[in-house]
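Student: Any chance you can model this:
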Amino acid sequence: LMLDRLTTLMPSWRERNPADLWVALAEAVAFRGDERSYYQDAVATEAYLGTARQRFSVRRHTRLLDYPFHDGRNARCWVAFSVDPEADGQEIKGCDPQTGLGGTLLLTTVPGLGPTISLEDVQTGLNAGAQPFELLEPITLYSAHNDIAFHTWSDEECCLPKGSTTAFLCDDDANRLRLRVGDVLVLEARASTTTGERVDADRLQRHAVRLTRVDPVAPLVNGVRGVSPARRDPVTDQPFVAIEWAAADALPFALCLSKRIGGVLYTQMAGVSGNIALADHGLSAPRPDDLKPLPGGRVPRYLLERTAVAPLTQQGRMRIAGSDAPVLIDRHAPASAALKADLADVRPAIDVRSEGDRLRWNVQRDLLASDADAPEFVVETENDGHALLRFGDGVNGRKPPAGERLSAAQRLSAYVRTGNGQVGNVAAEAIGHVQVWFSGIKSVRNPLPATGGLDPQPISEARLYAPQAFRVQERAVTADD
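Tutor: Purely as a prediction, here's the structure:
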């Protein structure tokens, strides 16, 4: 268009060599015109939910409609440890409860690696395609909890019926159980009910429960679990422990403990796994990432380079009754609740601090309710998966001082977590390695499959569902109404 206009104004000028001064000037003006035209088109396009093409634009539109447009969620699973007596009392650390970072690392099974792995083994496993998980909560290990048998009171054909919330476990005078309220156990079938063979056991008959009552309960002495006087079967003198769990964790199937098959009595057809802890998908980075400011824009924005390789972990959280603050895990809630998280409560696993005053900046879903002094920011994901950190403008959210450099940081040098989506929904028995500093761990496994992993929501889906989010009839009434 520029050259056509110049031809009209100056018919005698016919030069088209790119090195010509007039041609260079025409190209420069044309470039700026294209840029302005594209900017106008982009503003008009991103201004409406129906035409917006950028994820962060769609996210802001849907937020105004109170629709949780999400960037996915990481998966969770229960992990069981089996240890030697030499590892009794050893504690494995969990994630930082505020940031969700720095938990003990677990890997899915890689041939050739043992249950306990070193830093070099971790890199070998990741290169082989292993999926990383980290413990969400700390756990203290006891060899007595490796494999616990049910106490059947001498009943030759015993069964825990569907809907059960109580059971009795066999104790051992030489290696006492140290169970407490809040512990999680996995009840599982160990043999087939048709053949009696252990290799034919139904893997679907596994269920996690959180204990609400233990008798006798292990006392805490200076923070260490002790033992109480044992309860005993008056007939066999077998020590036992009575346990109960919440109705929300009621057994969803009948669990056969002993049965006669072909005239042969099979016992211990089911058992209990202890040393259970919750883990979720993702890998904490070994060092901090310097955030690079992006030029332009009304508010400060920083690019998180690490998300170019792997997606930022979006951790599911839950709300404790009577509190609005989302937490990683509620040890007083049933075990089934630990695997459920509302998408509106998902938060990125990242800890951002300013280098000058070491101020911690808190991640939020949005800055609409943030005041001018609130050190808060929002994570926005671009179409290619890159994560952008958007800070406040001094009105909604605190604005970082000019020239201040920010870095994602956490006290254990685990600053950003990556790993998200359905790839974390690994099958049962997929996890097989843990990175710890002590010996004595015989095996690591996940008795149940990992669940909850979601890929980022497509923009087309948000366009379809978001306009209906506010179409809910609500009324504010009083008793007089």
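
Student: okay, now residue 326: neighbour count?
Tutor: Neighbour count of residue 326, defined by other C-beta atoms under 10 Å: 17. C-beta: built from backbone N, CA, C; applies to glycine.

Student: Just after the worst-scoring helix or strand of the chain on mean pLDDT, pick out the following helix or strand.
Tutor: In the chain, no helix or strand scores lower on mean pLDDT, DSSP states H and E than strand 406-408, which sits at a mean of 55. Per DSSP states H and E, the first helix or strand lying C-terminal to strand 406-408 is strand 417-418.

Student: Which residues does that following strand contact?
Tutor: The contact list for strand 417-418 (C-beta atoms under 8 Å, 6 or more residues apart in numbering) reads 100-101, 134, 282-285, 306-307, 309-313, 315, 349-350.

Student: Buried ones from those residues, can you make that a PyMOL selection?
Tutor: The following PyMOL line selects those of those that are buried, judged by 16 or more other C-beta atoms under 10 Å:
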select buried, resi 100+101+134+282+283+284+285+306+307+310+311+312+313+315+349+350
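
Student: Where does pLDDT dip in the chain?
Tutor: Scanning the chain with the threshold set as pLDDT under 70 gives 356-357, 401-414.

Student: The residue nearest to residue 434 when sequence neighbours are not counted: what's it in contact with?
Tutor: Leaving aside its sequence neighbours, residue 434 sits nearest to residue 444 (C-beta to C-beta, 6 or more residues apart in numbering; 4.8 Å). Listed by C-beta under 8 Å, 6+ apart, the contact partners of residue 444 are 79-82, 106, 115, 431-434.

Student: got it, and residue 119?
Tutor: residue 435.

Student: any idea how far residue 175 is from it?
Tutor: Per C-beta to C-beta, to the nearest Å, residue 119 is found 33 Å from residue 175.

Student: Leaving out the residues flanking it, which one is nearest to residue 145?
Tutor: Distances taken as C-beta to C-beta, 6+ apart place residue 274 nearest to residue 145, at 2.7 Å, with adjacent residues excluded.

Student: Now the one you found: phi and psi?
Tutor: Note on residue 274: backbone dihedrals following degrees, to the nearest 10 are phi -100, psi -160.

Student: Check residue 212 too.
Tutor: phi -110, psi -10.

Student: burial of it, as a residue count?
Tutor: Residues lying near residue 212 (other C-beta under 10 Å) number 16.

Student: I'd assumed residue 181 was in contact with it.
Tutor: Yes: counting by C-beta atoms under 8 Å, residue 212 touches residue 181, with 6.2 Å between them.

Student: contact partners of the helix or strand hosting residue 7?
Tutor: Using DSSP H and E, residue 7 sits within helix 2-9. Helix 2-9 is contacted by residues 13-14, 16, 22-23, 26-27, 29-30, 33 when judged by C-beta under 8 Å, 6+ apart.

Student: mind listing the helices for the stretch 51-200 of the chain?
Tutor: 55-64, 119-127 (DSSP state H, counting those that start in this stretch).

Student: Check these for me and report the most buried one.
Tutor: Neighbour counts (mean count of other C-beta atoms under 10 Å) averaged over each of the helices of the stretch 51-200 of the chain peak at helix 55-64, with a mean of 20.

Student: I would like the C-alpha coordinates for that helix, written out in CSV, please.
Tutor: C-alpha atoms of helix 55-64 as CSV (Å, rounded to 0.1, in the frame of the first residue of the first chain):
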residue,chain,number,x,y,z
ARG,A,55,-5.6,-18.0,27.5
PHE,A,56,-5.0,-15.1,29.8
SER,A,57,-7.7,-13.1,28.1
VAL,A,58,-10.2,-15.9,28.4
ARG,A,59,-9.2,-16.4,32.0
ARG,A,60,-10.0,-12.8,32.9
HIS,A,61,-13.3,-12.9,31.1
THR,A,62,-14.4,-16.1,32.8
ARG,A,63,-13.3,-14.8,36.2
LEU,A,64,-15.8,-11.9,35.9
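
Student: which residues touch it?
Tutor: Outside helix 55-64, the residues within contact range by C-beta under 8 Å, 6+ apart are 46, 48-49, 52, 68-69, 71, 365-366, 368, 380-383, 388, 456, 459, 462-463, 466, 469.

Student: please redo it, this time with the cut-off set to 6 Å
Tutor: Under the contact criterion C-beta atoms under 6 Å, 6 or more residues apart in numbering, helix 55-64 has outside partners 46, 49, 52, 69, 366, 380-381, 383, 459, 462, 466.

Student: And for stretch 360-377?
Tutor: With C-beta under 6 Å, 6+ apart as the test, stretch 360-377 has contacts from 63, 347-348, 352-353, 359, 378, 389, 391-392, 394-398.

Student: Out of these, who's the most crowded?
Tutor: residue 352 (30 neighbours).

Student: now it, which residues is it bridged with?
Tutor: Residue 352 has these beta-bridge partners by DSSP bridges: residue 361, residue 408.

Student: Would you quantify the distance from it to residue 435?
Tutor: 25 Å.

Student: and what of residue 284?
Tutor: According to C-beta to C-beta, residue 284 stands 11 Å off from residue 435.

Student: what do these two both touch?
Tutor: With contacts defined as C-beta under 6 Å, 6+ apart, no residue is shared by residue 284 and residue 435.

Student: quick revisit: write a PyMOL command that selects only the buried members of the contacts of residue 444.
Tutor: Of the contacts of residue 444, the buried ones can be selected in PyMOL as follows, counting by 16+ other C-beta under 10 Å:
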select buried, resi 79+80+81+82+106+115+431+432+433+434
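
Student: JSON lines for the contacts of residue 444, including distance to residue 479?
Tutor: Output for these, formatted as JSON lines (distance: C-beta to C-beta, whole Å):
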{"residue": "79", "distance to residue 479": "51"}
{"residue": "80", "distance to residue 479": "52"}
{"residue": "81", "distance to residue 479": "55"}
{"residue": "82", "distance to residue 479": "59"}
{"residue": "106", "distance to residue 479": "54"}
{"residue": "115", "distance to residue 479": "62"}
{"residue": "431", "distance to residue 479": "54"}
{"residue": "432", "distance to residue 479": "60"}
{"residue": "433", "distance to residue 479": "60"}
{"residue": "434", "distance to residue 479": "57"}
